[in-house]
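# Predicted model follows, preceded by the sequence.
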Amino acid sequence: MFGHPLHPAIVHFPLGLLLSATIADLVWLVGMTSDTHVAAIMMAAGLAAGLVAMAAGMIDFARLDQAIVPHAMRHMAAVALAWLGYAIALYLRKDSLGASAVPGSASIIFSICSAITLAFGGWLGGRLVYTFGAGVSKATRSAE
């Protein structure tokens, strides 16, 4: 947007929502709350925001220097796997969204594993920008 990559600006929303959903699951798991709806709502919102971030990422991907495409592919694979894991976690709790909701252990395991994978994918995305200069104009890099 206006010459700047959009993906790095909006990716914080799905990252924050999805990782917070896992934190909400862990808080429920240790007995600090009985509310399990918070995690499900954040997962749903994070998955929707993730689709927007992925679309922006694909637009930015088209402009990448070919030398860093393999790194971008690893980032994309990790976050896509995490997104799928969260989608499965949300699907597994579809029947437990009633008044006395208790998510199954499989849903919690998918949530935790997806958080770890998402954190790794986020780290790979950070490397794309801060190590390889993805989305940074050559004029800006040479001026430093």
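Happy to help now that I have it.
# pretty sure residue 120 contacts residue 77?
No. Residue 120 is beyond contact range of residue 77, at 10.4 Å (criterion: CB atoms under 8 Å). Where C-beta positions appear, they are placed from N, C-alpha and C, glycine not excepted.
# Show me which of those two is the more surrounded one.
A count of neighbours by other CB atoms under 10 Å puts residue 120 above the other of residue 120 and residue 77, at 16 against 13.
# name the element that one belongs to?
helix 105-130 (DSSP states H and E).
# go on, residue 75?
helix 69-92.
# low-confidence ranges in the protein?
1-4, 96-101, 137-144 (pLDDT under 70).
# again, only this time at 50
Under the criterion pLDDT under 50, the flagged ranges of the chain are 142-144.
# Do I have it right that residue 59 meets residue 10?
No. The pair residue 59 / residue 10 is not scored as a contact, 11.3 Å apart, by CB under 8 Å.
# Those two - which one has more neighbours?
residue 10 (17 against 12).
# ok, now which ones touch that one?
49, 52-53, 56 (CB atoms under 8 Å, 6 or more residues apart in numbering).
# any chance of these in TSV, plus neighbour count?
Shown next, in TSV, are the contacts of residue 10 (neighbours: other CB atoms under 10 Å):
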residue	neighbour count
49	19
52	15
53	24
56	18
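# Tell me the one of those residues nearest residue 14?
residue 49 (4.0 Å; CB to CB).
# so which strand or helix has the closest one?
helix 37-61.
# Show me what counts as buried in that helix.
Going by neighbour count (16 or more other CB atoms under 10 Å), the buried part of helix 37-61 is 38-40, 42-43, 45-47, 49-50, 53-54, 56-57, 60-61.
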